[in-house]
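In: Any chance you could fold what I've pasted below:
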Amino acid sequence: MKVDQQQLLNDGFIILPEVIPAPQLEALRTASDILVERQKEIWTRDRKPDEPAGGQWETGAQPRLGNYQNLIDASTANTVEVWLHENTLGVSRQLLSVPQHTSMTGMMMMCSPQRDHGPAAWHRDVHPIDMAPMASLQADLLENGPKYLQWNIPLYDDEVLWVVPGSHRRLNTAAENQQLSQDPRVPLPDGVPVELKAGDGVVYINYLLHWGSNYSTKLRRTLHGGHTIFPYCADLNFTEYLSAEARESFVGWDQKSAQMQDLTESALRAIINNEADAYRAAVEDLQPGAGKAGQIVQAIYLCKAAYNIHILKNPDDSLPDDILGRASSPHPISINWGPQFADRFSTAEAELLWQRCTVLDAKLQADEEHFVPGFQARPMHYYFDAMPSPFGVEDFIASWTASA
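Out: Predicted structure coming up:
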């Protein structure tokens, strides 16, 4: 299946017919039902005291099986292997910024709720607390191509997703901000439905303004996941049920992840040691060929990684829950490799590393808390749209000495 990266960069999404061939649909539906029943048992077991017997299955507006690897056995292995086909992984390899690094991440499934919940809110999958400002992300995307791609693949006809074509390339308009502030749960003027037949797929850039238009009881089993150039998988036990070729792919991605964690450590230690050339070399290996926009986004992510390591080495329960949660949860796309990675650094090294990054971090923050509608975030000091003053990689490198 051939696709055009320029179409993706122009529109922000591509609809692909018959990503899952019709003869494979019924087997995947059967496997998806098995996964749902297994997850329902977990939700029942883990329900809160004030929740009904079924827990999230009964209360959720969009019950979601998140990273369902722990539910996999021989009877459900096809729900993993579908993500490795030429119609999925092969498509993403044509679209991502570093094709040779393309790997699987985040296998999930979105389900219909037990009662009508209506529409969700329009949003971009962007949270400035651990990502770069929107304008920096967009400049990197248009300069270098995407680092991550998101997919919806319905096993039954699905019209829930709406998008605003081209919105991944620009900031919100004044009219969009006004409407999103007034009511984020109604159609935006330029929004269009993504109408998918069973087995079709849509691959999209998650900076796009998009919307869950109606969480109704109409049967929904939509595979949701992504491909990235920053592989990470916490547990490979599920791969014993996969084909030899699929298993080898995951093992290879795990090895690549280890290499990228080593490169991340090299970049961070270069910051600690004030070694500019070693830093540039490590960043080039992390994202080969990235231009200036990509390099500053990498610098921002490394700065965020330094903060996460600082938090993990110096626990502070007074910090907001979202900051503590993100520090403890791996998010490789933004170069956060989690608590085990933080243990590579001593408390003193973590303190010095964060000290070296404080100038850039200050450039990313306003004096007062603020908020831009359409983001997955609370009001905060970090800029949502753009840093007000230019700051490049060489400025970042120079700041290490300034912050010493």
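In: Can you spell out which helices and strands pack onto the longest helix along the chain?
Out: Ranked by number of residues, the top helix in the chain under DSSP state H is helix 244-272. If you count contacts as 3 or more CB pairs under 8 Å, 6 or more residues apart in numbering; DSSP states H and E, helix 244-272 packs onto strand 103-111, helix 276-286, helix 292-313, helix 339-342, helix 347-363. No exception for glycine: its C-beta is placed from N, CA and C like everyone else's.
In: swap the cut-off to 6 Å and go again
Out: Contacts defined by 3 or more CB pairs under 6 Å, 6 or more residues apart in numbering; DSSP states H and E place helix 244-272 against helix 276-286, helix 347-363.
In: what does the domain assignment say about the chain?
Out: Following automatic domain parsing, the chain resolves into domains at 5-249, 258-402.
In: Export the ones you listed as a markdown table, with columns for mean neighbour count and mean pLDDT.
Out: Output for the domains of the chain, formatted as a markdown table (neighbours: other CB atoms under 10 Å; pLDDT from 0 to 100):
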| stretch | mean neighbour count | mean pLDDT |
| --- | --- | --- |
| domain 5-249 | 18 | 97 |
| domain 258-402 | 18 | 94 |
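In: Give me the residues contacting stretch 301-320.
Out: Applying CB atoms under 6 Å, 6 or more residues apart in numbering, the set of residues contacting stretch 301-320 from outside is 130, 267, 327, 334-336, 339, 342, 345, 347, 350, 353-354, 357, 360-361.
In: cool, stretch 53-70 as well?
Out: Contacts to stretch 53-70, defined as CB under 6 Å, 6+ apart, come from residues 35, 39-40, 43-44, 47, 51-52, 107-111, 113-114, 117, 215, 238.
In: How far away from the center of its chain is it?
Out: Averaging C-alpha coordinates over stretch 53-70 and over its chain gives two centres that are 19 Å apart (CA atoms, centre = their mean, to the nearest Å).
In: gap between the two ends of that stretch?
Out: Start to finish, the residues bounding stretch 53-70 are 22 Å apart (CA to CA, to the nearest Å).
In: Then stretch 226-241?
Out: 21 Å.
In: Tell me the spacing between the residue nearest the centre of the chain and Ser112.
Out: Relative to the mean C-alpha position of the chain, the nearest C-alpha, by CA atoms, centre = their mean, is the one of Ile333, at 6.3 Å. Relative to Ser112, Ile333 is positioned 28 Å away (criterion: CB to CB, to the nearest Å).
In: cool, Arg269 as well?
Out: Note on Arg269: its distance to Ser112, by CB to CB, is 49 Å.
In: likewise Ile205?
Out: Counting by CB to CB, the separation of Ile205 from Ser112 is 26 Å.
In: likewise Lys313?
Out: Lys313 sits 43 Å away from Ser112, taking CB to CB as the criterion.
In: likewise Gln39?
Out: If you go by CB to CB, the gap between Gln39 and Ser112 works out to 14 Å.
In: Can you verify His224 is assigned to a helix?
Out: No - in this structure, His224 is strand, not part of a helix, as judged by DSSP: H, G, I helix; E, B strand; the rest coil.
In: Now do the same contact list for the nearest residue in space to it that is not next to it in sequence.
Out: For His224, the nearest residue in space outside its immediate sequence neighbours is Met108; the separation is 4.5 Å by CB to CB, 6 or more residues apart in numbering. The neighbours of Met108, taking CB under 6 Å, 6+ apart as the test, are Arg64, Leu65, Gly66, His224, Gly225.
In: Can you show me the helices along the stretch 101-250 of the chain?
Out: With DSSP state H, counting those that start in this stretch as the definition, the stretch 101-250 of the chain shows helices at residue ranges 134-144, 174-182, 244-272.
In: Columns distance to Ala290 on top of those, output as JSON lines?
Out: Conversion of the helices of the stretch 101-250 of the chain to JSON lines gives the following (distance: least, CB to CB, whole Å):
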{"stretch": "helix 134-144", "distance to Ala290": "5"}
{"stretch": "helix 174-182", "distance to Ala290": "29"}
{"stretch": "helix 244-272", "distance to Ala290": "13"}
